[in-house]
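Peer 1: Sequence below, structure please.
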Amino acid sequence: MSLIGFGIDSGGTHTTCAVKYADDEQKTAMMESSSTLADSRSAMSMRRTAEWIISRILDLTHPGDECCVWIGAAAGIMSTSTGSFEQAFEVPLLQLSERNIDFEIFIANDAVSILKSPPLHGQGIVAIVGTGSIVVGAHPTCPDGIIRRSGYEWPVGDHGAGIWMTFESIRMVLEDIQMRGSDAYHSPLLDRLCDYFNIDSELYSSIPDSYSSLARVEALASTLARAGEDSKRRIAGFVHPSLFDLASISSSAGHDPLAARVISGSVRIMRADIAAVSETLAAFTADNPNSRERLPLIVGGSIAANSSYRQQLEAAVSELAYVRPLQIIGDAAQTFADLAMHYLRSNARERKTIAKGFDPLNQILRLQ
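Peer 2: Numbers count the residues shown, from 1 in each chain. Predicted coordinates for the structure are as follows:
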């Protein structure tokens with residue numbers, strides 16, 4: 001019999017699986033998927049992802065093994081998708097039961113899951129900067145449980161995230177055109193946006209040159225206005241590599257200062273949210289501001305892992321009074337595998353603490 005911890009990071013763009021064994025051997029598998037658990041309105045997509053997750057477990061386990069599977073799902077869906085999760089996993093879970101494998105499966109918000117995982121163990125701050133964004137923090141001295149900023153889906157939240165950065169790119173181009181004038185206007189950022197979203201040049205071929213740039217922005221805005229829930233991933237996908245390429249001064253595709261401003265704007269938003277959470281939590285640790293704790297910070301998400309973004313965020317966060325030097329992990333599957341193994345090695349009382357939720361909006365769902 002073996003202890004095996006599985007960590008699943010089901011984000012906005014792909015699902016990854018990491019495996020940790022009792023002897024601390026670690027393995028990682030990648031699923032570049034068109035379906036993730038973040039597709040909360042697509043039962044078929046969630047079912048395919050659930051089947052993939054269960055197939056990974058079946059590939060790496062034997063009868064009699066004891067397993068814990070911890071799934072971190074993208075911010076913004078845990079409070080509304082409990083029934084969908086249970087339906088998606090219902091049939092695939094039967095395969096594990098038939099194999100005589102002792103297993104427990106948990107699904108939780110990705111930021112909450114990182115906050116639960118080693119090394120934080122429920123005490124510190126977590127930020128996610130990917131397709132969506134969220135900042136959460138917890139401390140034993142805080143009576144409010146978890147402190148949270150953002151993570152409320154893109155129509156009202158997710159500020160600073162990938163989808164926000166794409167919309168901000170279009171807003172910034174429009175503002176630039178209105179300030180400089182449309183006649184003979186040129187922007188590499190506008191060109192790349194139109195290429196990425198397949199804006200047909202025929203749409204504005206009959207419009208005078210002095211208005212063509214505005215027409216292209218209008219076509220972009222109309223295209224994104226018609227985008228549904230399933231298009232969130234596609235919209236956020238513009239950031240990497242397109243936006244980061246244009247923000248680079250050394251880019252062969254042509255540098256655009258507007259792209260650089262979009263990225264720095266995201267960093268400012270994330271810094272402000274991290275500052276708000278850290279200041280709120282630190283206030284509970286001591287009355288005297290000079291005696292308050294500096295809290296550990298972990299940042300996850302595909303955008304945060306980009307080297308350019310990482311450097312800017314590290315510099316911005318280093319100025320905060322109540323945050324220790326941050327750790328950026330990007331993909332969190334390995335972190336969730338560590339949490340799963342920690343659960344397996346814990347006694348019954350500790351397991352209850354790990355599985356207990358502390359965010360009323362994003363509870364931890366136990367599937368088995």
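Peer 1: For the rest of this, base every contact and every neighbour count on C-alpha atoms.
Peer 2: Noted.
Peer 1: list the helices and strands the helix or strand encompassing E90 packs on?
Peer 2: Assigned by DSSP states H and E, E90 falls within helix 82-98. Secondary-structure packing of helix 82-98 (3 or more CA pairs under 8 Å, 6 or more residues apart in numbering; DSSP states H and E): helix 43-60.
Peer 1: in the helix it packs on, what's buried?
Peer 2: S45, M46, R47, R48, T49, A50, E51, W52, I53, I54, I57 (16 or more other CA atoms under 10 Å).
Peer 1: May I see the residues you listed organised as a markdown table, with distance to D200 and pLDDT added?
Peer 2: Below are the buried residues of helix 43-60 laid out as a markdown table (distance: CA to CA, whole Å; pLDDT from 0 to 100):
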| residue | distance to D200 | pLDDT |
| --- | --- | --- |
| S45 | 30 | 68 |
| M46 | 33 | 73 |
| R47 | 35 | 78 |
| R48 | 34 | 78 |
| T49 | 34 | 76 |
| A50 | 38 | 80 |
| E51 | 38 | 82 |
| W52 | 37 | 79 |
| I53 | 39 | 80 |
| I54 | 42 | 82 |
| I57 | 45 | 82 |
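Peer 1: As CSV, the residues you listed with distance to S187 would be great.
Peer 2: Formatted as CSV, the buried residues of helix 43-60 follow (distance: CA to CA, whole Å):
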residue, distance to S187
S45, 37
M46, 39
R47, 42
R48, 40
T49, 39
A50, 43
E51, 44
W52, 42
I53, 43
I54, 47
I57, 49
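Peer 1: For D183, state which of the residues you listed is nearest.
Peer 2: Nearest to D183, judged by CA to CA, of those is S45 at 45.4 Å.
Peer 1: ok, back up a step: between the buried residues of helix 43-60, which is nearest L297?
Peer 2: For those, the nearest to L297 is I53 (28.7 Å; CA to CA).
Peer 1: Now do the closest one against V217, distance only.
Peer 2: Here the criterion is CA to CA, to the nearest Å. By it, I53 lies 41 Å from V217.
Peer 1: Tell me where the stretch 151-300 of the chain has helices.
Peer 2: According to DSSP state H, counting those that start in this stretch, the stretch 151-300 of the chain carries its helices in the segments 162-180, 188-196, 209-225, 232-236, 244-247, 257-282.
Peer 1: Between those, which one is closest to N100.
Peer 2: Each of the helices of the stretch 151-300 of the chain was scored for nearness to N100 using CA to CA, and the closest is helix 232-236 (37.2 Å).
Peer 1: Could I get the average pLDDT for that closest one?
Peer 2: What helix 232-236 shows for mean pLDDT is 85.
Peer 1: Packing partners of it?
Peer 2: Helices and strands touching helix 232-236, by 3+ CA pairs under 8 Å, 6+ apart, are helix 162-180.
Peer 1: Report the buried residues of the helix it packs on.
Peer 2: Under the neighbour-count criterion of 16+ other CA under 10 Å, helix 162-180 has 162-170, 172-174, 177 buried.
Peer 1: Counting by contacts, list what that helix packs against.
Peer 2: Here helix 162-180 touches helix 188-196, helix 209-225, helix 232-236, helix 257-282, going by 3+ CA pairs under 8 Å, 6+ apart.
Peer 1: What helices and strands are in contact with the second one?
Peer 2: For helix 209-225, the helices and strands in contact under the criterion 3+ CA pairs under 8 Å, 6+ apart are helix 162-180, helix 188-196.
Peer 1: ok, back up a step: compile the helices and strands packed on helix 162-180 into JSON lines and extend it with columns for distance to L94 and mean neighbour count.
Peer 2: Listed next are the helices and strands packed on helix 162-180 as JSON lines, based on distance: least, CA to CA, whole Å; neighbours: other CA atoms under 10 Å:
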{"stretch": "helix 188-196", "distance to L94": "42", "mean neighbour count": "17"}
{"stretch": "helix 209-225", "distance to L94": "40", "mean neighbour count": "17"}
{"stretch": "helix 232-236", "distance to L94": "31", "mean neighbour count": "20"}
{"stretch": "helix 257-282", "distance to L94": "42", "mean neighbour count": "21"}
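Peer 1: Now distance to I134 too, for the ones you listed, in JSON lines please.
Peer 2: Formatted as JSON lines, these follow (distance: least, CA to CA, whole Å):
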{"stretch": "helix 188-196", "distance to I134": "26"}
{"stretch": "helix 209-225", "distance to I134": "23"}
{"stretch": "helix 232-236", "distance to I134": "15"}
{"stretch": "helix 257-282", "distance to I134": "8"}
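Peer 1: of all those, which lies closest to G137?
Peer 2: helix 257-282 (6.3 Å).
Peer 1: what mean pLDDT does the closest one have?
Peer 2: Per-residue pLDDT values over helix 257-282 give a mean of 96.
Peer 1: Could you do stretch 65-78 as well?
Peer 2: In this model, stretch 65-78 has an average pLDDT of 78.
Peer 1: Equivalent analysis for stretch 347-355, please.
Peer 2: For stretch 347-355, mean pLDDT is 93.
Peer 1: Would you mark the buried spots in it?
Peer 2: Those would be I354, A355, for stretch 347-355 by 16+ other CA under 10 Å.
Peer 1: if I look at L281, how far off is F238?
Peer 2: With distances taken as CA to CA, L281 is found 35 Å from F238.
Peer 1: For T131, give me its contacts.
Peer 2: Contact partners of T131, counting by CA atoms under 8 Å, 6 or more residues apart in numbering, are 11-13, 161-163, 232-233, 236-237, 301-303.
Peer 1: Perfect, that will be all.
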